[in-house]
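*Asks:* Prediction below, plus the sequence it came from.
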Amino acid sequence: MKEKISIPILYIILSQIYIFNCSKIIVFDSHQYRSGHFAFNSNKDMIIEYSNDKDNYRLFYGLKENGKYYFNNNSAIQETTITYQDGNAKRYEAKNIFIKIENKEYLFSIGSDVSVAELWDLNGGNIVDKKVNLASNFLGNKVYSFVFSLLEMNTSPKRYLISYIYKQDDNNYFYNLKTFHFSNFGLESSNFDSTTTSDSYGINYSNRIVSCFIMGEKIVVFLVSWDYSQYLLYIYNFNLVPFSGLPAINDINNFNVGYGLFSKAYHIENNYAIFIYFTRPDSSYLKPKAGIIETANDDSHTQIFLKIIEQNLNSDNYNLNYLPLMNDFVKINSKRFIYLGLDGSTSTKLYIYIRFI
């Protein structure tokens, strides 16, 4: 860890969202926007979709790769409304990604609990069309986790991957993987095909976070064990067939049942990966770890993890919040990673740790 800084942050709840664009402050206050998520298309144009869980308004903020406004009316902003059945179009903890259908790209969004899934045609710098369906209709069950992964796979035709936790009943929770491919612009079953893992990993507690990444032709799920005593890796091929072995990353003490502990993982390059996680519900137990994931050199072909770098960020100077939604870990490139965490007492400070590999 070569640099640690702490900065104050303006904590905005429901009323306004601020974006700092060079020397200009942009305020979104036409509606009570809150949730936002970035997505980049193949041209590296950026779109952020903002929403609120209490109304049907959506706001898109878009910039092209060259810094010009995305939309055709010489604006970075487009607003619209969506409805679904009874007029409700809620959006909780959503993830966004650009997906390809034939030779065109569309913005796909999906969220947790009773959220809707959305498919937006933003081609030509306009909101051309949209499709809406319940996320649970699209997936076959609700996303229970606050934090989940939505990724593009390096396949042809192009497929996409979602890893999440779903709740079967009050006593049964499962980690689940699903891949999907769109054949047409729509969110009904006739517009896409999907494949779900046949051996979802069961757990005997409620947890609200799961992380996943793609490493070559492997899918690596970073999860908490069924008895919440360890962080494990569950590794699949692109057909969602699991490899043997559940490599352990770290032990967990006094797991925070009902919410979970913040944890996240990324592929670095080749067979190297990086992980960051709390080992217990205590701000002093945040740990980054990097290592190599490989196949055992024997007839078992078991997946193993070999630790390369490990560090404890246990300092009494920082009171970090260990909850899943109060932290993030961002990959800038294969050499730079940034951890962001809110202060655990007042949520008025944002701590930033910059990791150089």
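*Replies:* Happy to help now that I have it. Numbering: from 1, shown residues only.
*Asks:* going forward, measure contacts and count neighbours with C-alpha atoms only.
*Replies:* Will do.
*Asks:* Next one: Q85 from V132, what distance?
*Replies:* Applying CA to CA, to the nearest Å, the value for Q85 to V132 is 10 Å.
*Asks:* whoops, Y322 was the one
*Replies:* Using CA to CA, Y322 is found at 34 Å from V132.
*Asks:* Please identify which of the two sits among more neighbours.
*Replies:* Higher neighbour count among Y322 and V132: Y322, with 28 against 20, using other CA atoms under 10 Å.
*Asks:* Helix, strand, or coil at that one?
*Replies:* Secondary structure state of Y322, per DSSP: H, G, I helix; E, B strand; the rest coil, is coil.
*Asks:* how close does it sit to G341?
*Replies:* Relative to G341, and taking CA to CA, Y322 is found at 8 Å.
*Asks:* Quick check: closest non-adjacent residue to H267.
*Replies:* Closest residue in space to H267, ignoring its immediate chain neighbours: A273 at 4.4 Å, by CA to CA, 6 or more residues apart in numbering.
*Asks:* Repeat that for S145.
*Replies:* Closest to S145 by CA to CA, 6+ apart is R208, at 3.9 Å.
*Asks:* what about the one you found, neighbour count?
*Replies:* Neighbourhood size, R208 [other CA under 10 Å]: 22.
*Asks:* I figured it hits I165, correct?
*Replies:* Yes: using CA atoms under 8 Å, R208 is in contact with I165, at 7.2 Å.
*Asks:* which residues are in contact with both of these two?
*Replies:* Shared contacts of R208 and I165 (CA atoms under 8 Å, 6 or more residues apart in numbering): Y144, S145.
*Asks:* Now do the phi/psi pair for the residue nearest to H267.
*Replies:* Main-chain dihedrals, A273, degrees, to the nearest 10: phi -140, psi 160.
*Asks:* Low-confidence stretches in this structure?
*Replies:* Along the chain, the parts satisfying pLDDT under 70 run over 1-24, 314-317, 355-357.
*Asks:* need the helices for it, in chain order.
*Replies:* Listed in chain order, the helices of the chain (DSSP state H) span 135-139.
*Asks:* hmm, back to that, residues touching the residue nearest to S145, list them.
*Replies:* By CA under 8 Å, 6+ apart, the residues touching R208 are Y144, S145, F146, V147, I165, G258, Y259, G260, P324.
*Asks:* Out of those, who's the most crowded?
*Replies:* Within these, most neighbours by other CA under 10 Å means I165, with 29 neighbours.
*Asks:* how about the nearest residue to it, chain neighbours excluded?
*Replies:* Nearest-residue entry for I165: Y175, 4.5 Å, with adjacent residues in sequence omitted and distances by CA to CA, 6+ apart.
*Asks:* With Y166 instead?
*Replies:* Once flanking residues are discounted, Y166 sits nearest to Y144: 4.8 Å by CA to CA, 6+ apart.
*Asks:* wait, doesn't that neighbour sit right on Y164?
*Replies:* Yes: using CA under 8 Å, Y144 is in contact with Y164, at 7.3 Å.
*Asks:* Quick check: end-to-end length of stretch 155-165?
*Replies:* Span of stretch 155-165 from end to end, CA to CA: 24 Å.
*Asks:* Any idea how many residues pack against the closest residue to H37 other than its chain neighbours?
*Replies:* Once flanking residues are discounted, H37 sits nearest to I48: 5.4 Å by CA to CA, 6+ apart. Burial measure for I48: 17 neighbouring residues, criterion other CA under 10 Å.
*Asks:* ok now do the closest residue to D129 other than its chain neighbours, which residues does it touch?
*Replies:* Using CA to CA, 6+ apart and skipping residues adjacent in sequence, the residue nearest D129 is D121, 5.1 Å away. For D121, the contacting residues are E105, Y106, L107, I127, V128, D129, K130, by CA under 8 Å, 6+ apart.
*Asks:* mind running it again at 6 Å?
*Replies:* Contact partners of D121, counting by CA atoms under 6 Å, 6 or more residues apart in numbering, are Y106, V128, D129.
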